[in-house]
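Colleague: here are the coordinates; sequence isn't available:
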Ligand SMILES: Nc1ncnc2c1ncn2[C@@H]1O[C@H](COP(=O)(O)OP(=O)(O)OP(=O)(O)O)[C@@H](O)[C@H]1O
């Protein structure tokens, strides 16, 4: 067995958790990235050992008793099977000697029935074990994926990860359920039959063994090929799932672009990859058929030939020859099962590799750690001279591409600070650094005077409310969505927040009020409503700082005015850092940070910047959206 800490490595072991709390919990993007869907599995760049057969046994951890019982039943059934030729030999002798055989026939029939019952019981228990293995792995994968560092997910395709949780775990289930019983049966039958054949006639046994060795060498030669074909087939399925997921996610754009055929063609190519690999595996597998025939037919013919000579010479009885032939069948026939088991194991190793890749992805912190409690509401009560958030000479790159350079500014404990800049200037990246999704390459991000480098990200995030640009709705009802980050929020808090973000009217309009299902499976909210739900969700955490990434799309004038009022209200009590795309937000801001190509070019009030900064003037004219009720001609004049 290798020292590979496989998929069942518990959280907290080397492979289970790479970073615990605090420092290093967020990561540099690109760090420790593993192969994507299209890459050769195993080339994950982590230097991790490929899973070995021993690692498959670890899958059974936690199911020891069931596996033990299954093995006991299977071994008992197989051993009973070995008595059948001996009883048959007796039967023939008795028939030849004109003796009664009814008791022997009854014993044989009972043996058959008991053997079948034992083997069925063993198989059932192994099926149950297979299901438990899948369950355990899926739960671990789901947990792992939800804790993986944001930077690690950046370069991966969601569909491929889904495929690993869905398809690859199923392959392992089939392996557990299908291969272990075969291996046990073949081993027990093989050893038992070989021993009894040796006892009956060792020369003839050597003949049978010789043909088996020839077949085994052929089979062993194709096994490695079958494993790599399986890995390619599974990678194809992963790519297919990823592409299909993306296409279905953007189905309106696909339809509008009349790209159905092109998408079908491209996704079909992934299907073809899986097909080609499957066919390759089938080709290799087909070598095994003739090898089996050589082994079965060849050994039979040889045994018959040599046996006939021995019987005619009188050195062997007919009953001994029949028993020997039956044992030879028991030894040779299960070879097909053995091949099947070995190919299932090879497939299992391929899947284990892909699952292991995911379980090795670095997580932010120990999955087992309970989330820290929300801090008591304490907005804006720190020493006023210490800013709530401060960036000191921060630089940052995605991979090798620099995005922020020497960025410094601070966010006071109350008030609205807007960040403006052209698309791609690095505004959202600053929000990600403030949330500790990434660590800066240089400089420091400080929150409440403390460097974020040494702070548990979950403790830190409990003090912040985040409103993402696309303001996603999550699973469940409107209430579930509102209290998502603070499930203990009480009714009064919820009502107050709804009033603050002007959502009371929406709640009154919904068929079941707060209990209405929203999102994918329910009531679809408009962009403006979704954003206000997201703001309410962020506020219910009672955050000291609200980070808000404004949508770039235009809001209608009423929504826009509402939102500006909401932002003003929020900023009276706490710090609000907004990535601003709207003219009305920058006008409402107390201070504005201007970013250009990853650098802060100026900081000041709207009026100040309009007067002093030509870049800001251009920005307000060309890049910020204005209320729809303003005439287009207005945009040409710089000063609003
Ligand atoms: N996860 C990522 N991996 C690699 N590059 C990224 C990633 N996220 C953003 N970038 C790149 O970094 C640069 C800054 O992106 P960022 O999203 O911070 O800009 P922005 O100012 O918020 O833009 P916008 O106003 O269009 O939202 C962009 O060029 C973007 O392409």
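Modeller: The structure has been received and is ready for your questions. Not measured: the values here are computed from a predicted model.

Colleague: Quick one: the helices in the stretch 251-400 of the chain, in order.
Modeller: Using DSSP state H, counting those that start in this stretch, the helices assigned to the stretch 251-400 of the chain run over residues 251-256, 260-293, 299-313, 318-332, 334-359.

Colleague: Enumerate the residues of the stretch 151-300 of the chain near the ligand.
Modeller: Applying Cβ under 6 Å from any ligand atom, we find that the stretch 151-300 of the chain lies next to the ligand at residue 154. The way it works is simple: take the backbone N, C-alpha and C, and place the C-beta from them, glycine included.

Colleague: rewinding a little: check the helices of the stretch 251-400 of the chain for me and report the most buried one.
Modeller: helix 334-359 (a mean of 23; mean count of other Cβ atoms under 10 Å).

Colleague: What helices and strands are in contact with it?
Modeller: Applying 3 or more Cβ pairs under 8 Å, 6 or more residues apart in numbering; DSSP states H and E, one finds that helix 334-359 contacts helix 53-58, helix 102-147, helix 169-200, helix 202-249, helix 260-293.

Colleague: Tabulate the helices of the stretch 251-400 of the chain (a markdown table), appending mean pLDDT.
Modeller: Converted to a markdown table, the helices of the stretch 251-400 of the chain look like this (pLDDT from 0 to 100):
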| stretch | mean pLDDT |
| --- | --- |
| helix 251-256 | 81 |
| helix 260-293 | 84 |
| helix 299-313 | 85 |
| helix 318-332 | 81 |
| helix 334-359 | 81 |
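
Colleague: hey, least reliable of the helices and strands packed on helix 334-359 by pLDDT?
Modeller: Among the helices and strands packed on helix 334-359, helix 53-58 has the lowest mean pLDDT, at a mean of 76.

Colleague: From the contact counts, what lies against that helix?
Modeller: Partner elements for helix 53-58 (3+ Cβ pairs under 8 Å, 6+ apart): helix 334-359.

Colleague: to the chain's geometric centre, what's the distance from the helix it packs on?
Modeller: The chain centroid and the centroid of helix 334-359 are separated by 19 Å under Cα atoms, centre = their mean, to the nearest Å.

Colleague: can I get the helices of the stretch 251-400 of the chain in TSV with distance to residue 619?
Modeller: Formatted as TSV, those follow (distance: least, Cβ to Cβ, whole Å):
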stretch	distance to residue 619
helix 251-256	29
helix 260-293	38
helix 299-313	85
helix 318-332	81
helix 334-359	42
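
Colleague: Which one of these lies nearest to residue 400?
Modeller: With Cβ to Cβ as the criterion, residue 400 lies closest to helix 334-359 of those, at 23.2 Å.

Colleague: Residue 590 contacts residue 572, doesn't it?
Modeller: No - Residue 590 sits out of contact with residue 572 when judged by Cβ atoms under 8 Å, with a separation of 10.7 Å.

Colleague: Please identify which of those two sits among more neighbours.
Modeller: Taking residue 590 and residue 572 together and counting by other Cβ atoms under 10 Å, residue 590 has the greater number of neighbours (15 against 11).

Colleague: and that one, what does it touch?
Modeller: Applying Cβ atoms under 8 Å, 6 or more residues apart in numbering, we find residue 590 in contact with 415, 416, 417, 571, 605.

Colleague: And what about the residue nearest to residue 114 when sequence neighbours are not counted, helix, strand or coil?
Modeller: In space, and not counting its chain neighbours, residue 114 is closest to residue 80: 6.0 Å by Cβ to Cβ, 6 or more residues apart in numbering. The three-state assignment at residue 80 reads helix, by DSSP: H, G, I helix; E, B strand; the rest coil.

Colleague: Could you report the neighbour count for residue 80?
Modeller: Neighbourhood size, residue 80 [other Cβ under 10 Å]: 19.

Colleague: And for residue 110?
Modeller: By other Cβ under 10 Å, neighbour count at residue 110 equals 11.

Colleague: Repeat that for residue 453.
Modeller: As a burial measure, residue 453 scores 16 neighbours (other Cβ under 10 Å).

Colleague: Who are the packing partners of the helix or strand hosting residue 67?
Modeller: Using DSSP states H and E, residue 67 maps to helix 64-96. With contacts taken as 3+ Cβ pairs under 8 Å, 6+ apart, helix 64-96 sits against helix 102-147, helix 169-200, helix 318-332.

Colleague: For the closest residue to the ligand within the stretch 251-400 of the chain, give the beta-bridge partners.
Modeller: Relative to the ligand, the nearest point of the stretch 251-400 of the chain is residue 398 (3.3 Å; Cβ to the nearest ligand atom). Beta-bridge pairing of residue 398 under DSSP bridges involves residue 401.

Colleague: Look up how far residue 138 lies from residue 173.
Modeller: Going from residue 173 to residue 138 by Cβ to Cβ, to the nearest Å gives 10 Å.

Colleague: between these two, who's got more neighbours?
Modeller: Comparing residue 173 with residue 138 by other Cβ under 10 Å, the one with more neighbours is residue 173, at 21 against 16.

Colleague: Enumerate every residue touching that one.
Modeller: By Cβ under 8 Å, 6+ apart, the contact set of residue 173 is 130, 131, 133, 134.

Colleague: do that again at 10 Å, thanks
Modeller: Neighbouring residues of residue 173 by Cβ atoms under 10 Å, 6 or more residues apart in numbering: 59, 127, 129, 130, 131, 132, 133, 134, 135, 137, 348, 351.

Colleague: so how far is residue 268 from the fourth one?
Modeller: With the distance defined as Cβ to Cβ, residue 130 ends up 31 Å from residue 268.

Colleague: and the closest residue to the ligand within the stretch 451-600 of the chain, what are its bridge partners?
Modeller: Of all residues in the stretch 451-600 of the chain, residue 579 sits closest to the ligand, at 6.0 Å by Cβ to the nearest ligand atom. Assessed by DSSP bridges, residue 579 has beta-bridge partners residue 419, residue 549.
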